[in-house]
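Chemist: have a look at this fold, sequence not included:
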């Protein structure tokens, strides 16, 4: 039979004193004599007493725990963000509870309710692709629970936010393709419910317009996700056009890798006949043949800054008089998949 966990009541019973005396002794209260305090500490060690940290923190109105909700955990993007968060929180003695919404708003709501029920001190959330209504997030702010939104925007929600400048990164990529001689530049966009996808699409159009390259709607196709599989059908559609593209700018590296697979299978040579550029700088991107040109994002710094802002908000009792919106800057990485 599993041995029951030792409690303050057990120590009090053994020493024939009150539980409140034991509690004060363990917390080095000055009203408790040295003799009693030493006896309590010695017996606590003998019985392997472990304090109930959750109960103690609730009494102090803190759980020292942060709730983190991301669309998915397995991608290099979000795993790097989480590394940045952890490296900021761990030295502070703050714990993390991490869960993924699987790009589902309903799952996001369910996780949020679960985390809120155990009274986490604050939330770091990257919204799902289905999250178009923000009422469940506004409940947090209405109840004075600190919240930082990162990576994907919730437009109109007045909370701290940390982003990468998606527009700048996409503009760099498309402008580079134009300057290397590409004129039929296609864009495989992400789900346009996402702010990140909309910003990259706008940058694509603006970069072409700036360099007097016509924007043709048939060269813009939307993917339903972010894996290599999501790049296959859009690329097949593009290659079937009467005048197929001579370059593809993909919403992310996963979709770009799927595009490269289709292009190679069609017998086209990358980059001689068609250039490909992705977004995110996935750690595996440089190992493909040819290696993938892409836009690097400071994901680790994104996580660390988001966590720093949240902790400052928590420690200031969530004073919302000065909302912060921060942007980090990406960088184009040119490799073998583009001219």
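Modeler: On my side now, so go ahead. Every value quoted in this text rests on a predicted model; they were computed, and no experiment measured them.
Chemist: remind me which residues of the stretch 201-339 of the chain are low pLDDT?
Modeler: 318-321 (pLDDT under 70).
Chemist: which stretches in it count as helices?
Modeler: 232-239, 253-265, 299-315 (DSSP state H, counting those that start in this stretch).
Chemist: out of those helices, which is closest to residue 332?
Modeler: helix 253-265 (13.2 Å; Cβ to Cβ). Bear in mind the C-beta positions are built from the backbone N, C-alpha and C, glycine included.
Chemist: and that closest one, what does it pack onto?
Modeler: Using 3 or more Cβ pairs under 8 Å, 6 or more residues apart in numbering; DSSP states H and E as the contact criterion, the elements in contact with helix 253-265 are strand 185-189, helix 232-239, strand 247-250, strand 275-277.
Chemist: try it again at 7 Å.
Modeler: Here helix 253-265 touches helix 232-239, strand 247-250, strand 275-277, going by 3 or more Cβ pairs under 7 Å, 6 or more residues apart in numbering; DSSP states H and E.
Chemist: helices and strands around the shortest one, which ones?
Modeler: Strand 275-277 makes packing contacts with helix 166-179, strand 247-250, helix 253-265 when contacts are defined by 3+ Cβ pairs under 7 Å, 6+ apart.
Chemist: how is the protein partitioned into domains?
Modeler: Taking automatic domain parsing as the reference, the chain has its domains at 8-51, 65-164+299-329, 166-297.
Chemist: just say which of those is most tucked in.
Modeler: Neighbour counts (mean count of other Cβ atoms under 10 Å) averaged over each of the domains of the chain peak at domain 166-297, with a mean of 20.
Chemist: now for that domain, what's the gap between its first and last residues?
Modeler: Using Cα to Cα, to the nearest Å, one end of domain 166-297 lies 9 Å from the other.
Chemist: please apply the same query to stretch 261-270.
Modeler: Start-to-end, stretch 261-270 (Cα to Cα) is 10 Å.
Chemist: report the distance from it to the chain centre.
Modeler: Centroid separation between stretch 261-270 and its chain, computed with Cα atoms, centre = their mean, to the nearest Å, is 33 Å.
Chemist: list the contacts of it.
Modeler: Stretch 261-270 is contacted by residues 228, 232, 235-236, 239, 260, 274, 276, 290, 337 when judged by Cβ atoms under 7 Å, 6 or more residues apart in numbering.
Chemist: assess the claim that residue 324 and residue 159 are in contact.
Modeler: No: using Cβ atoms under 7 Å, residue 324 and residue 159 do not qualify as a contacting pair, with a distance of 9.3 Å.
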